[in-house]
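A.B. asks: Dropping the sequence and predicted coords here.
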Number of protein chains: 2
Amino acid sequence: MTGPAKPTDRASIRRTNLGLVLRLLRDSGPRSRARVATDTGLPKATISSLIGELVEHGLVSEGEFERDGAVGRPGHAVALDGRAVSGIGVEVNVDYLSVIALNLRGDLVAEGRIAIDVREAGPDAVLDSASRLVQDTIGTLLASGIRTLGVTLAAPGMIDLDAGAVSFASNIGWRGVAVVDGLRHRLGPAAPPVHLENDAKLGAVAEYLVASAAGIHDLLYLTGETGVGAGIIAGGRLLRGTAGFAGEVGHLPLGPADGPRCACGRVGCWETEVGLAALLRYAADPDDLVCDPSVDLVQRLAELRRRADSGDRRTRAALERIATGLGPGLVLLLDVLNPRLAVLGGYFAYFGDYLIDGVRREVNASVMAPNAGGCEIGLSTLGFTAAARGGAYLALDAVYEDPIGSALG
Amino acid sequence: MTGPAKPTDRASIRRTNLGLVLRLLRDSGPRSRARVATDTGLPKATISSLIGELVEHGLVSEGEFERDGAVGRPGHAVALDGRAVSGIGVEVNVDYLSVIALNLRGDLVAEGRIAIDVREAGPDAVLDSASRLVQDTIGTLLASGIRTLGVTLAAPGMIDLDAGAVSFASNIGWRGVAVVDGLRHRLGPAAPPVHLENDAKLGAVAEYLVASAAGIHDLLYLTGETGVGAGIIAGGRLLRGTAGFAGEVGHLPLGPADGPRCACGRVGCWETEVGLAALLRYAADPDDLVCDPSVDLVQRLAELRRRADSGDRRTRAALERIATGLGPGLVLLLDVLNPRLAVLGGYFAYFGDYLIDGVRREVNASVMAPNAGGCEIGLSTLGFTAAARGGAYLALDAVYEDPIGSALG
């Protein structure tokens, strides 16, 4: 279907073409100017002028690179540089804040994490901590000559993009928190642009960076943490829905009517069946170490992992129950969305080797389309950093839309 | 997120700009050349050249039109003409074939319908009938000086776009039917291009034509016929999924484990709860006239409608049960997709005045996002023609991508 009409004038064509060259070098690697001209279909003179401008702004460098996928000696070529610019992603989760900075080549250039009881601390104290994390990271990067182009905060709940606010995040108890203004205010007027997005959507963006290299453009990311959320990439684009609430699958009414009460106040939500609290409930008694919220989650998961690896029956049965519980929700999502790839993230990936066979079995038995509609189910390799990574990528994204405008920032 | 790199050369820019002008005139109505230049951001000289080419091919005409939304006397302006070209949509359903032809202005220029027991007749006989319908329509249009640019067949099942085949359509008993080749072969080498798409997806396309004029770009179309299917528009684009199976919601496992067996062979499929057969089962005994497949469906529905209007308790209760059954599935779809508008089509729209309050009540009570995520629930005004209309539109769509190439055909 043809989309809505979109003007094409000379300035926007140049902006488009600068972005085109930059994305080509990002997606396909270093290559000669002649090859850039062939690959983009643009005249050589235009390419020279575009590359000159990108070099001037430190986004592209010229030199001897292994190029064009050719075997043998490196030749003179142009390459995405972007070592001098970065984007920062900060994830707010139930019991930690984490930060990731990526440069334009996708290299990790800074990373950090602090434990914090987010619900207990309240939004003001959390934004104070997030602001300090971001400022420290910006400072560290600047000391290495790297400018930060933008910051994205990832939050586990519903986002009002227009207001830059978390509308409702049941697992951290936030409702109507103006995150973007709050963070901007704390970072001061010299800070780069601040964005806000749902954590599962950003996880999907991070996974799509990996998947798109393999030609996959329809992807479902399902993350298991205290809550359960989905991020959907359809035809290469993040599906947000009209108010940004797409992918709110943690509260799908898939559980029994006599199950435990969800943090949202209802009974029967999917995340009460397959969220982290459900795993802990199945695997251990309330007085067990792994259920103690004062112990760092990483340690508690490692202990559960140790038990599973040593063959502990109750832990194994708990994981099997999670796999079975994931089935019906994944089947629904695959019937509705028909993705090429469904990626399990968060704790689902941490225990992926115990979950994946059961999940695949459930899904293949029940998806309507033959062969699960061509969908593979895989495990995230990004650990608990997916959301922050996606945030860093989103913060950098403006440079591909308007390379010179945003690099001047 | 920035999408994959896309070349921009001179020929493709001209093609883009021709399409841009054509879409502007389609979406915003007649206007002066100067206004076209302002609205598109293109230089006046370029606009003159583009319009000259479009006039030459009969896609645009010049004259006195009411224009620019201005009140008062018509002025000299250009307008989408396109009275000389049309697209044809043919819908194959359980018990009828219908055909719709639209010209480039969206006017209905031909319409037809024949009753046929599609399952009983088998694919060959159905394609024979469809081919005759299309040939008659092409002939009639040509006699009025209207050329047909393309034909789309709408089928109630899973489509393999690459193969141009219906992979699986349980309600008509088709599996692996090569529709595009079959129809092409019957129509002969002089015929316009033949396309194939799922009926609910085409219904969504037809509804999006209406909704997009109101600035709505996230839409869910849910159609109730023998089967139940969904078409999803996300961010102004039809969501197909990796293999074209997105929206296969008729078989979501929402029904009880002891319900009737679905045509797909399973138990508990949503369409066994809310499809047309369910309504008939709730509303009447098997020996009732409305359950007699030898009577035209339109007549049977009219009889049910008469009973509901006259206050018949059983009919009213049956409709209430359908409304209640629609709730859980719609809630799932709204939680996953967060559309701005959910349109009920097919028989859901025919009985819409009896269903809509109950459906809205169910949905508002259970969607996770506040205020149903900003989604309104409405009724299709396209009757049972939505799929064929969407097909005709899709057949015409090529002209907006490449106005001159496809008009030359």
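C.D. replies: Perfect, I can see it now. Note that the coordinates shown come from a computational prediction; the quantities given were computed from them, not determined experimentally.
A.B. asks: you'd agree residue A:34 is in a helix?
C.D. replies: Yes. Residue A:34: assigned to a helix according to DSSP: H, G, I helix; E, B strand; the rest coil.
A.B. asks: thought it was touching residue A:42?
C.D. replies: No. Assessed by C-beta atoms under 8 Å, residue A:34 is found out of contact with residue A:42, at 11.6 Å. C-betas here are computed from N, CA, C, even on glycine.
A.B. asks: The two: who's more crowded?
C.D. replies: In this view residue A:34 and residue A:42 are compared by other C-beta atoms under 10 Å in any protein chain shown, and residue A:42 has more residues nearby, 20 against 12.
A.B. asks: and the gap between that one and residue A:195?
C.D. replies: Using C-beta to C-beta, to the nearest Å, one gets 31 Å for the distance from residue A:42 to residue A:195.
A.B. asks: Next up, the contacts around the residue in the stretch 51-200 of chain A positioned nearest to chain B.
C.D. replies: Chain B sits closest to residue A:158 of the stretch 51-200 of chain A, with a gap of 6.2 Å, by C-beta to the nearest C-beta. Residue A:158 makes contacts with A:166, A:167, A:168, A:169, A:198, A:244, A:245, A:248, B:369, as judged by C-beta atoms under 8 Å, 6 or more residues apart in numbering or on different chains.
A.B. asks: would you turn those residues into JSON lines with distance to residue B:203, neighbour count and pLDDT?
C.D. replies: Below are the contacts of residue A:158 laid out as JSON lines (distance: C-beta to C-beta, whole Å; neighbours: other C-beta atoms under 10 Å in any protein chain shown; pLDDT from 0 to 100):
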{"residue": "A:166", "distance to residue B:203": "36", "neighbour count": "25", "pLDDT": "96"}
{"residue": "A:167", "distance to residue B:203": "32", "neighbour count": "19", "pLDDT": "92"}
{"residue": "A:168", "distance to residue B:203": "33", "neighbour count": "20", "pLDDT": "89"}
{"residue": "A:169", "distance to residue B:203": "36", "neighbour count": "24", "pLDDT": "91"}
{"residue": "A:198", "distance to residue B:203": "30", "neighbour count": "29", "pLDDT": "96"}
{"residue": "A:244", "distance to residue B:203": "26", "neighbour count": "22", "pLDDT": "90"}
{"residue": "A:245", "distance to residue B:203": "24", "neighbour count": "27", "pLDDT": "91"}
{"residue": "A:248", "distance to residue B:203": "25", "neighbour count": "27", "pLDDT": "91"}
{"residue": "B:369", "distance to residue B:203": "25", "neighbour count": "22", "pLDDT": "86"}
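A.B. asks: Which ones among those residues lie within strands?
C.D. replies: A:166, A:167, A:168, A:169, A:198 (DSSP state E).
A.B. asks: Make a markdown table from those residues and add distance to residue A:336 to it.
C.D. replies: Converted to a markdown table, the ones in strands among the contacts of residue A:158 look like this (distance: C-beta to C-beta, whole Å):
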| residue | distance to residue A:336 |
| --- | --- |
| A:166 | 26 |
| A:167 | 23 |
| A:168 | 23 |
| A:169 | 24 |
| A:198 | 18 |
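A.B. asks: Would you point out the most distant pair within those?
C.D. replies: Greatest spacing in those, by C-beta to C-beta: A:168 and A:198 (11.1 Å).
A.B. asks: what do those two both touch?
C.D. replies: A:157, A:158.
A.B. asks: Model confidence score at residue A:4, please.
C.D. replies: Note for residue A:4: predicted pLDDT of 45.
A.B. asks: do residue A:333 as well
C.D. replies: Reported pLDDT for residue A:333: 97.
A.B. asks: That one touches residue A:249, doesn't it?
C.D. replies: Yes. Using C-beta under 8 Å, residue A:333 makes contact with residue A:249 at a distance of 6.8 Å.
A.B. asks: who has more neighbours, these two?
C.D. replies: Taking other C-beta under 10 Å, residue A:333 and residue A:249 do not tie; residue A:249 has more neighbours (27 against 24).
A.B. asks: surely that one meets residue A:328?
C.D. replies: No. Using C-beta under 8 Å as the test, residue A:249 is too far from residue A:328 to be in contact (11.3 Å).
A.B. asks: hmm, back to that, what touches both of residue A:333 and residue A:249?
C.D. replies: In contact with both residue A:333 and residue A:249: A:222, A:230, B:336, using C-beta under 8 Å, 6+ apart.
A.B. asks: Select only the buried ones of those residues in PyMOL?
C.D. replies: Of the shared contacts of residue A:333 and residue A:249, the buried ones go into a single PyMOL selection, burial set by 16 or more other C-beta atoms under 10 Å in any protein chain shown:
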select buried, (chain A and resi 222+230) or (chain B and resi 336)
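A.B. asks: pLDDT added to the shared contacts of residue A:333 and residue A:249, as TSV?
C.D. replies: Shown next, in TSV, are these (pLDDT from 0 to 100):
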residue	pLDDT
A:222	98
A:230	97
B:336	97
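A.B. asks: so of the shared contacts of residue A:333 and residue A:249, which ones are in strands?
C.D. replies: Among those, the ones falling in strands (DSSP E) are A:222, A:230.
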